[in-house]
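Enquirer: Pasting the sequence and the predicted coordinates here, then a few questions.
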Amino acid sequence: MKKTKILIATAVLGIATFVAIAADHIDAPAVQGGTSDITDFYAFRGEDQSNLVLVANVQGLLTPGATSSASFDENVLLEFNIDIDGDNVEDLVIQATPRDGKMYFFGPTAPSQTGLNSSIMSTSANAGIVDITNYGETAIIEEFGGMKFFAGPRDDPFFFDFNKYTEIIAGDASGFDNPGDDTFAGSNVLSVVVEVPKSMIGTSGTINTWVESKRKQ
Amino acid sequence: MKINNIKLFAVAILASMTAFNCSNDDDNTTEPEGLNFTGTYVQEDQMGRPAINTVFVNDGMKDTFNTTIPSDMSAAFQSAFQTKLETLSPAYDPASPDDANALGFTAAQFTSVLATDVLTVSLDAPTTFFDGTNILTGRNLTDDVIDVELILIFGGEEGLTNPEFPGLTSDNVASNDKDFLTSFPYLASPW
């Protein structure tokens, strides 16, 4: 009996290890494969260097065939968090959530509360709306108040020979191949991209940023 | 006890299948006459730097990590991250606490940075995960973040020029499978 339990535990752990992969793709049991599963987060200065670009990708490992039927979840709020005073607590948020084929953005704005629970700051002075680009369409971009907005399927920008890494961790390989094999080649994600003037965040120095997905209760 | 475990596992599988099937569940949640942005939204996933939850958080704690606010992460996870790093990489020998990586960080120092999973972004300098000069000033689409992390995990003190475990410090995938755009929205069109 004890042995069986250990075997089951080992099997479960094995499965969990096998599927918990990559940048943040299917990283944890509660979110993997679901509509709130963040795959990646990027923050970089824009083509106009006075702007900052924030990217949140969700629902990774979409094959081209699965991409047209993938959609953002109206019960999920994506929230870019920005800490400007170094305490790792968000001072500003930019929220994105879809309704009827459009992605609605609110912020940068101070959240009504910090932490694990959020309300949508739908009366924020900073806001934008963009039609969600359908699979196969040219990217639809909107601009409001100096900000730019996009939402829709994109190539997964992440690259990693994750399969070889898994073999190494499992003790089945001693090192990476050269050349390696990008496990994410040919797969898509659903992307939310927002470009914001740095002046709406701060003038200089370093900020802390992270992205969260939150589900309506 | 055993049956309870199996039941729990079954519930977990059901829950994950249900979650998966909810992807198009958009009926009955918005008011028919207008848009509804009311209600409380509760956290399910979060991410700052790439691959932190995947690499450093033990199975069984990954959901907890995703629902721990960043200001609480260091106290909750630094010690476990250090154990994980020392288990994962022979470049950090617990018997030699001075073992460090290319940034000069010991296992304790490196994991104290990593455990608070936020991405630092400079509003002044070029943004990059690491470009040879700037360190952790953001994350570009083109940044080979996995190689940077592998160098800092397996490379030892001279990880950039003379890594301790050279077969482990690059996955030899240096770029994306599609070119990025120079203009908004920057990411490449889907396959």
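Expert: Yep, that arrived. Here the structure is a predicted model, which is why all the values come from computation and not from measurement. Numbers count the residues shown, from 1 in each chain, chains lettered A, B, ... in the order given.

Enquirer: ok, and the closest non-adjacent residue to whichever residue of chain A sits closest to chain B?
Expert: Per Cβ to the nearest Cβ, residue A:175 is where chain A lies closest to chain B, at 2.5 Å. All C-beta spots, glycine's among them, are computed from the backbone N, C-alpha and C. Distances taken as Cβ to Cβ, 6 or more residues apart in numbering or on different chains put residue B:167 closest to residue A:175, at 2.5 Å, once the chain neighbours are dropped.

Enquirer: Could you tell me whether that neighbour really is in a helix?
Expert: Yes. Residue B:167: assigned to a helix according to DSSP: H, G, I helix; E, B strand; the rest coil.

Enquirer: That one contacts residue A:173, correct?
Expert: No. In this structure, residue B:167 is not within contact of residue A:173 by Cβ atoms under 8 Å, at 9.1 Å.

Enquirer: what's near enough to touch the residue of chain A closest to chain B?
Expert: Contact analysis of residue A:175 by Cβ atoms under 8 Å, 6 or more residues apart in numbering or on different chains lists A:168, B:165, B:166, B:167, B:168.

Enquirer: Going through these, which ones are buried?
Expert: Neighbour counting over the contacts of residue A:175 (16 or more other Cβ atoms under 10 Å in any protein chain shown) leaves A:168, B:165, B:168 as the buried ones.

Enquirer: all helices of chain A, in order?
Expert: Shown for chain A, the helices assigned by DSSP state H span residues A:2-19, A:64-67, A:162-169.

Enquirer: helices or strands next to the second one in the packing?
Expert: In this case it means helix A:64-67. Applying 3 or more Cβ pairs under 8 Å, 6 or more residues apart in numbering or on different chains; DSSP states H and E, we find helix A:64-67 packed against no helix or strand.

Enquirer: Give the buried residues for that helix.
Expert: Buried, per 16+ other Cβ under 10 Å, within helix A:64-67: residue A:67.

Enquirer: One more: stretch B:79-90?
Expert: Neighbour counts using 16+ other Cβ under 10 Å place B:80, B:81, B:82, B:84, B:85, B:86, B:89 of stretch B:79-90 among the buried residues.

Enquirer: centre of the chain versus that stretch, how much separation?
Expert: Put simply, stretch B:79-90 sits 15 Å off its chain's centre (Cα atoms, centre = their mean, to the nearest Å).

Enquirer: shouldn't residue B:178 be in contact with residue A:155?
Expert: Yes. Counting by Cβ under 8 Å, residue A:155 is a contact partner of residue B:178 at 4.7 Å.

Enquirer: hey, what's in contact with both of these two?
Expert: Common neighbours of residue B:178 and residue A:155 (criterion: Cβ under 8 Å, 6+ apart): B:188, B:189, B:191.

Enquirer: now, which of those lie close to chain A?
Expert: B:188, B:189, B:191 (Cβ under 8 Å from any Cβ of the partner chain).

Enquirer: Identify the residue nearest residue B:173 in space, chain neighbours excluded?
Expert: Nearest residue to residue B:173 in three dimensions, chain neighbours excluded: residue A:180, at 4.2 Å (Cβ to Cβ, 6+ apart).

Enquirer: how deep is the one you found tucked in, by neighbour count?
Expert: If you count neighbours by other Cβ atoms under 10 Å in any protein chain shown, residue A:180 ends up with 20.

Enquirer: thought it was touching residue A:164?
Expert: Yes. Taking Cβ under 8 Å as the definition, residue A:180 is a contact partner of residue A:164 at 6.3 Å.

Enquirer: Overlap in contacts, the two.
Expert: Jointly contacting residue A:180 and residue A:164 under the rule Cβ under 8 Å, 6+ apart are residue B:171.

Enquirer: what separates the residue of chain B found nearest chain A from residue B:41, distance-wise?
Expert: Chain B approaches chain A most closely through residue B:167 (2.5 Å), counting by Cβ to the nearest Cβ. Residue B:167 is 44 Å from residue B:41, where distance means Cβ to Cβ, to the nearest Å.

Enquirer: What mean pLDDT does the helix or strand containing residue B:43 get?
Expert: Here residue B:43, judged by DSSP states H and E, is contained in strand B:41-47. Averaged across strand B:41-47, pLDDT comes to 98.

Enquirer: residues of the helix or strand just after it that come out buried?
Expert: Downstream of strand B:41-47, the first helix or strand assigned by DSSP H and E is helix B:52-56. Buried residues in helix B:52-56, counted by 16+ other Cβ under 10 Å: B:52, B:53, B:54, B:55, B:56.

Enquirer: Good, wrapping up.
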